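S.K.: What shape does this take:
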Amino acid sequence: MYLSKNLETIRKHLRENQSEFGERYGVGRSAVSKWEAGENEPPLRVLMALEDLTGVSMTRMLRDELSMDDLDSGGGMLREPAQVKP
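M.R.: Residues are numbered from 1 along each chain as shown. Model (predicted):
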């Protein structure tokens, strides 16, 4: 599974640090750090929001390693960032 690496790739593509990314989804920096380290997984609401934001399906986030080019192309185009309520 590639979720932890893909979360980091998406965050970096947004040019956000872990605190900023966490704030977007109502969690702290340490939660994002654990997601990216593969120690925990984000809640479904976060994955759904990332799917809307990137255009990348949750299935693809789990199964495929994404690159910055994937996020720039039609395979996952970042849309206007949205705040997600916890």
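S.K.: Tell me how many other residues surround R45.
M.R.: 13 (other C-beta atoms under 10 Å). The way it works is simple: take the backbone N, C-alpha and C, and place the C-beta from them, glycine included.
S.K.: same thing with A37?
M.R.: A37: 11 neighbours (other C-beta under 10 Å).
S.K.: List the contacts of it.
M.R.: Contact partners of A37, counting by C-beta atoms under 8 Å, 6 or more residues apart in numbering, are S4.
S.K.: do you know how far it is from G22?
M.R.: 14 Å (C-beta to C-beta, to the nearest Å).
S.K.: Check V56 too.
M.R.: For V56, the distance to G22 - C-beta to C-beta - is 20 Å.
S.K.: S4 now?
M.R.: Distance from S4 to G22, by C-beta to C-beta: 15 Å.
S.K.: Those two - which one has more neighbours?
M.R.: G22 (21 against 17).
S.K.: what about Y2, neighbour count?
M.R.: If we define neighbours as other C-beta under 10 Å, then Y2 has 15 of them.
S.K.: L62 and L3 touch, don't they?
M.R.: Yes: the pair L62 / L3 is scored as a contact, 5.3 Å apart, by C-beta atoms under 8 Å.
S.K.: Compare these two (neighbour count), which wins?
M.R.: L3 (18 against 13).
S.K.: can you pull the contacts of that one?
M.R.: Contacts of L3 (C-beta under 8 Å, 6+ apart): 35, 38, 41, 61-62.
S.K.: Can you report phi and psi for L66?
M.R.: Main-chain dihedrals, L66, degrees, to the nearest 10: phi -90, psi 150.
S.K.: Remind me which helix or strand the spatially closest residue to it that is not a sequence neighbour belongs to.
M.R.: Distances taken as C-beta to C-beta, 6 or more residues apart in numbering place N6 nearest to L66, at 4.7 Å, with adjacent residues excluded. Using DSSP states H and E, N6 sits in helix 3-13.
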